[in-house]
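Engineer: kindly generate the corresponding structure for this input.
(one chain, ligands or ions: 1)
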Amino acid sequence: MKIGFIGLGNMGAPMATNLAKAGHEVTGFDVAGTTAEGVAQAATAEAAVQGADVVITMLPNGDILRKVAGQIIPAMTAGATLVDCSTVDVESARAVAQQAEAAGLKSVDAPVSGGIGGAAAGTLTFMAGGSADAFAAAEPLFEIMGQKAVHCGAAGAGQAAKICNNMILGVTMIATCEAFALADKLGLDRQKMFDVVSTSSGYSWTMNAYCPAPGVGPQSPADNGYQPGFAAELMLKDLGLSQQAAEAADADTPMGQQALALYRTFVEDEDGRGRDFSAMLPRFEGRGRS
Ligand code: NAD
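Structural biologist: Next up is the predicted model:
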């Protein structure tokens, strides 16, 4: 396939390289001038998408996605497929899908889970929204870049699944960290706390697979000085998107709201920026109730 790839950042570059390695003809563009191994570099976004069967975007946010979509949609060939893998607000995803469909294109929103490691290893999970036709056109590429793709529903459904998942993740990480900090103050050994909770009803992905306590549970960013991993500011972004969606849909999400406030304080006023999102544990560790 002929593929255009816009946004060759931390995630986009390895994803584009994996497509090229699988034998596809990939042309990329990034405003920062970044390149990716095996990927031809275009001078503009429009040039990168010309004649492409599939165009993939991997961009920082919804505003940038809308701007780039305005540039590339008119330059794409009718019948081609636009696949946005960025994490953006549901409204932007739906607006771009509408614009693409009006121009005779197929369109899928397909945000990912799995991080930079998953992008490099080709083991991402894709959660996709769009028509069955559009999903079918993108699926062979999801198989190269990832290990699982779920077709979640119509346009915007992929973004909806992503932000709901990450709202659970943020809330659960906070709960796990505050429970460890309480256990410390009650004199409970962290390993014992893990042994009990990881096999009891308090178990979760954050406890069992990504334990925030160093030296306890499987290897995680906690064992590496809380270097990300999944950075606290990315969690802040996703929690912000979940609350934006909750407001638009009139959904009551008190825990998500509280998690957003905590991660905002952690990143903007404390030492959270650049640290893994599990560094909430050292944050709670030294604090009292006030
Ligand atoms: P990044 O900032 O490394 O990459 C984004 C790239 O887009 C940059 O290279 C930037 O120069 C480029 N860009 C910005 N404006 C552009 C424009 N107008 N035209 C062309 N290129 C433009 O970010 P990332 O970590 O690769 O993340 C990309 C997306 O994936 C984000 O939406 C993020 O939320 C999501 N995501 C990231 C992770 C992660 O662990 N990094 C995990 C899951 C999802």
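Engineer: helix, strand, or coil at residue 60?
Structural biologist: Here residue 60 takes the coil state, with states given by DSSP: H, G, I helix; E, B strand; the rest coil.
Engineer: secondary structure element holding residue 261?
Structural biologist: For residue 261, the host element (DSSP states H and E) is helix 254-268.
Engineer: what's that helix packed up against?
Structural biologist: helix 157-185, helix 232-249, helix 280-285 (3 or more CB pairs under 8 Å, 6 or more residues apart in numbering; DSSP states H and E). C-beta here means a position set from N, CA and C on the backbone, and glycine is covered the same way.
Engineer: state the pLDDT value of residue 276.
Structural biologist: According to the predicted model, the pLDDT of residue 276 comes to 97.
Engineer: for residue 138, that is, sorry about that
Structural biologist: The score at residue 138 is 98. That number is its pLDDT.
Engineer: I figured residue 74 hits residue 104, correct?
Structural biologist: No - no contact is recorded between residue 74 and residue 104 when judged using CB atoms under 8 Å, the distance being 11.0 Å.
Engineer: surely residue 284 touches residue 177?
Structural biologist: Yes - the criterion here is CB under 8 Å, and residue 284 meets it with residue 177 at 5.3 Å.
Engineer: more neighbours: which of those two?
Structural biologist: Neighbour comparison, residue 284 and residue 177: the larger count goes to residue 177, with 23 against 17 (by other CB atoms under 10 Å).
Engineer: can I get the CA coordinates of the helix holding residue 261 in PDB?
Structural biologist: Included here for helix 254-268 are C-alpha records, laid out as PDB according to Å, rounded to 0.1, in the frame of the first residue of the first chain:
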ATOM      1  CA  PRO A 254     -16.800  12.900  40.400                       C
ATOM      2  CA  MET A 255     -13.800  10.500  40.600                       C
ATOM      3  CA  GLY A 256     -12.600  11.500  37.200                       C
ATOM      4  CA  GLN A 257     -13.000  15.100  38.100                       C
ATOM      5  CA  GLN A 258     -11.000  14.600  41.300                       C
ATOM      6  CA  ALA A 259      -8.300  12.700  39.500                       C
ATOM      7  CA  LEU A 260      -8.000  15.500  37.000                       C
ATOM      8  CA  ALA A 261      -7.500  18.100  39.800                       C
ATOM      9  CA  LEU A 262      -4.900  16.000  41.500                       C
ATOM     10  CA  TYR A 263      -2.800  15.300  38.300                       C
ATOM     11  CA  ARG A 264      -3.100  19.000  37.400                       C
ATOM     12  CA  THR A 265      -1.700  20.000  40.800                       C
ATOM     13  CA  PHE A 266       1.000  17.300  40.500                       C
ATOM     14  CA  VAL A 267       2.100  18.400  37.000                       C
ATOM     15  CA  GLU A 268       1.600  22.200  37.200                       C
END
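Engineer: need the contact list for whatever residue of the stretch 101-250 of the chain ends up closest to the ligand.
Structural biologist: Shortest the stretch 101-250 of the chain-to-the ligand distance, computed as CB to the nearest ligand atom: residue-wise this is residue 115, at 3.7 Å. Residue 115 sits next to 11, 229, 230 when contact means CB atoms under 8 Å, 6 or more residues apart in numbering.
Engineer: contacts only, for residue 65.
Structural biologist: Under the criterion of CB under 8 Å, 6+ apart, the contact partners of residue 65 comprise 57, 59, 84, 86, 88, 92, 93, 96.
Engineer: give me phi/psi at the third one?
Structural biologist: Summarising the backbone geometry of residue 84 under the convention degrees, to the nearest 10, its torsions are phi -100, psi 120.
Engineer: mind listing the residues bridging to it?
Structural biologist: With DSSP bridges as the criterion, residue 84 is bridged to residue 57, residue 109.
Engineer: so it versus residue 75, what's the distance?
Structural biologist: Per CB to CB, to the nearest Å, residue 84 is found 16 Å from residue 75.
Engineer: look at the two and report which has more neighbours.
Structural biologist: Between residue 84 and residue 75, counting by other CB under 10 Å, residue 84 is the more crowded of the two (31 against 18).
Engineer: and the pLDDT for that one?
Structural biologist: Per-residue confidence (pLDDT) for residue 84: 98.
Engineer: just confirm residue 150 is within a strand.
Structural biologist: Yes - if the criterion is three-state DSSP, then residue 150 is within a strand.
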